[in-house]
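Trainee: Fold the following and give me the result.
(2 chains)
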There are 2 protein chains.
Amino acid sequence: MIIIGEKINGTLKRVTSAIAQRDAAFIQELARRQADAGADFIDVHAGTPPETEPDDLVWLATTAERAVSLPVCLDSANPEALLAAMKSVRTAPMINSVNADPHRLKAILPAAAKRGSPVIAMAMDETSIPSTGAERAAVAERIMEATRTAGIPDDRIYFDPLVMTIGSDIRSGPLFLETMRLVRERYPQVHFTAGLSNCSFGLPARSLINRAFLTLAVAAGLDSAICDPLDRKLRAALTAAELVLGRDRYCLNFTQAFRAGKLMTT
Amino acid sequence: MIIIGEKINGTLKRVTSAIAQRDAAFIQELARRQADAGADFIDVHAGTPPETEPDDLVWLATTAERAVSLPVCLDSANPEALLAAMKSVRTAPMINSVNADPHRLKAILPAAAKRGSPVIAMAMDETSIPSTGAERAAVAERIMEATRTAGIPDDRIYFDPLVMTIGSDIRSGPLFLETMRLVRERYPQVHFTAGLSNCSFGLPARSLINRAFLTLAVAAGLDSAICDPLDRKLRAALTAAELVLGRDRYCLNFTQAFRAGKLMTT
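Mentor: Alright, predicted model coming up:
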């Protein structure tokens, strides 16, 4: 499972003020804690106004990257910010994200191809998020045509079928799983990722829902998630799911995690 | 989800001595607590020597039944004990269990048909538990031929694909899920059940494994389980799984369980 640590996010007050004050120590501590907990990428999201976002994202990405030996995941809807940050980081960053909007694809894919960046591709276009699995899979086809044309290998694409909160649509979980199944059949090399906690937005007992969603999605082929690597219960649920799915040879990963005190069960 | 409460089990010391001493109060308390926690059937297993088991199971079943307004589930490998207890209880009991052993089927099915009893059918014959899903599904065919001949409707059969401990075979989970898929395709009316905690026998952090197994099995069609109805975390995981699977209209069941303090998440 490829974990994209979500904690450096400008929608969080403490992060917003760390960006404003250029508080590198705070950002680097967040990066380090996620790396220590097993993150594979450190997501950086500035979320500042378009005029300052390129500078802010460059600062955030380079600051986070200096603290850890992991690549960052550049998280922005602003191509200018993504391109500026891509140039300034040490290691090929993950790009979060593109969708089927042709302007966005055209702006980002050539640079991503050149840099060797993995790219998160969301199941939506410039106007909307389709409401059926077949329509989302059709969006995936449009994106994959563009990424292949740009010379990005399929296994560098992280497709996000998109999960909306179950609180506003109880079909959200099945729709996510169906979209993943359809896209997986067509593009077996592609990775799948999810902004996990979206599924439970607005509902109580969110972590319980997130764990159930992760368990079911992992069974259906999810191999990456944008989530909190410090959520020990989520990691424990993932370890147990992989065990039950027969993916943990000799139960070694599970029993080692248990001995290391990583399986919180109470 | 049809919950078969497993706590009145003669392999547990306290239950063994309650049977020996005919301690009705202890047994009835166990029955009541499981009923209050939402069990649909109260499993009763004496596990005493063949000479005394019929008497013991009759006592256990009638004692448990007097305490609650639920049917019992008669749990024995001894047809004589099952038949004696079937006659003495008030409400049609569930039978736990038959397998493809023709003697066993012949001894139990006519009485089960007459009594209107649901029957748990295990994916094994008199000699062994097959090691592939296809072979287990073939066992199911033999059992279903017998139950149909006896006049038991398919929806009164609770098929148990059997889960062995993952600790001795990491394929146990996938094999269970595959067997269920195959039998479900062939017999869409049949229920599916599992002795849930078997999956984690001998492993650490058992309840974590049981929850992952339940979540994945429910997604694949499990609609019943032999388990501890007092395990609040297991119930919470089940409630969350049904929410994520889009089976909880308006999220009502989940939010009501939350308000009732039933979703333990810490």
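Trainee: gap between the residue nearest the centre of chain A and chain B?
Mentor: Centroid-nearest residue in chain A, with CA atoms, centre = their mean: A:I226, separated by 3.5 Å. Separation of A:I226 from chain B (CB to the nearest CB, to the nearest Å) stands at 17 Å. In this view, the C-beta of every residue, glycine as well, is placed from N, C-alpha and C.
Trainee: beta partners of A:I4?
Mentor: A:F41, A:I226 (DSSP bridges).
Trainee: Could you do the one 5 residues further on as well?
Mentor: When bridges are called by DSSP bridges, A:N9 pairs up with A:H45.
Trainee: Would you state the predicted confidence (pLDDT) at it?
Mentor: Per-residue pLDDT puts A:N9 at 97.
Trainee: tell me the contacts of it?
Mentor: A:V15, A:D43, A:H45, A:G47, A:D75 (CB atoms under 8 Å, 6 or more residues apart in numbering or on different chains).
Trainee: Then A:D75?
Mentor: A:D75 neighbours (CB under 8 Å, 6+ apart): A:N9, A:D43, A:V44, A:H45, A:N96, A:S97.
Trainee: Would you confirm that the residue nearest to the centre of chain A contacts A:C199?
Mentor: No - using CB atoms under 8 Å, A:I226 makes no contact with A:C199, being 12.0 Å away.
Trainee: still on that earlier bit, what's the closest of the contacts of A:D75 to A:K262?
Mentor: A:D43 (22.0 Å; CB to CB).
Trainee: Just the element for the closest one, please.
Mentor: strand A:41-45 (DSSP states H and E).
Trainee: Let me know the angle separating whichever helix or strand comes after that strand from strand A:41-45.
Mentor: Remark: after strand A:41-45, the chain's next helix or strand is helix A:53-67, criterion DSSP H and E. Calculated by axes from the mean of the first three to the mean of the last three CA atoms, to 10 degrees, helix A:53-67 forms an angle of 150 degrees with strand A:41-45.
Trainee: Name the residues that touch helix A:53-67?
Mentor: By CB under 8 Å, 6+ apart, helix A:53-67 touches A:8, A:10, A:19, A:22, A:24, A:27-32, A:35, A:42, A:44-48, A:71-72, A:74, A:76, A:78, A:80-82, A:84-85, A:88-91, A:93.
Trainee: If we use 7 Å, what do you get?
Mentor: A:8, A:19, A:22, A:24, A:27-28, A:31-32, A:42, A:44, A:46, A:48, A:72, A:74, A:76, A:78, A:80-81, A:84-85, A:88-90, A:93 (CB atoms under 7 Å, 6 or more residues apart in numbering or on different chains).
Trainee: What of stretch A:117-135?
Mentor: Counting by CB under 7 Å, 6+ apart, A:86, A:92-101, A:112, A:136, A:139-140, A:143, A:147, A:152, A:156-162, A:175, A:178-179, A:182, A:193 sit against stretch A:117-135.
Trainee: Mind listing what's buried along stretch A:184-201?
Mentor: With burial defined by 16 or more other CB atoms under 10 Å in any protein chain shown, the residues of stretch A:184-201 counted as buried are A:184, A:187, A:190-200.
Trainee: Run through the residues of chain A sitting next to chain B.
Mentor: Applying CB under 7 Å from any CB of the partner chain, we find that chain A lies next to chain B at A:166-167, A:170-171, A:173-174, A:199, A:203-205, A:207-209, A:212-213, A:215-216, A:219, A:236-237, A:240-241, A:243-246, A:248-249, A:251, A:255, A:258, A:263, A:265.
Trainee: rewinding a little: I'd like to know which elements the strand holding A:D43 is packed against.
Mentor: When contacts are defined as 3 or more CB pairs under 7 Å, 6 or more residues apart in numbering or on different chains; DSSP states H and E, strand A:41-45 sits against strand A:2-9, helix A:24-36, helix A:53-67, strand A:72-75.
Trainee: Output the longest helix belonging to chain A.
Mentor: helix A:133-149 (DSSP state H).
Trainee: Show me what the next helix or strand after that helix is packed up against.
Mentor: Next helix or strand after helix A:133-149 toward the C-terminus (DSSP H and E): strand A:157-160. With contacts taken as 3+ CB pairs under 7 Å, 6+ apart, strand A:157-160 sits against strand A:119-122, strand A:191-192.
Trainee: 6 Å instead, please
Mentor: Applying 3 or more CB pairs under 6 Å, 6 or more residues apart in numbering or on different chains; DSSP states H and E, one finds that strand A:157-160 makes contact with strand A:119-122.
Trainee: quick revisit: and the residue nearest to the centre of chain A, what is it in contact with?
Mentor: A:I4, A:E6, A:G195 (CB atoms under 6 Å, 6 or more residues apart in numbering or on different chains).
Trainee: Show the pLDDT at it.
Mentor: 98.
Trainee: Where does pLDDT dip in the stretch 101-250 of chain A?
Mentor: Across the stretch 101-250 of chain A, nothing is flagged by pLDDT under 70.
Trainee: can you give me the helices for it?
Mentor: A:102-115, A:133-149, A:172-186, A:206-219, A:232-244 (DSSP state H, counting those that start in this stretch).
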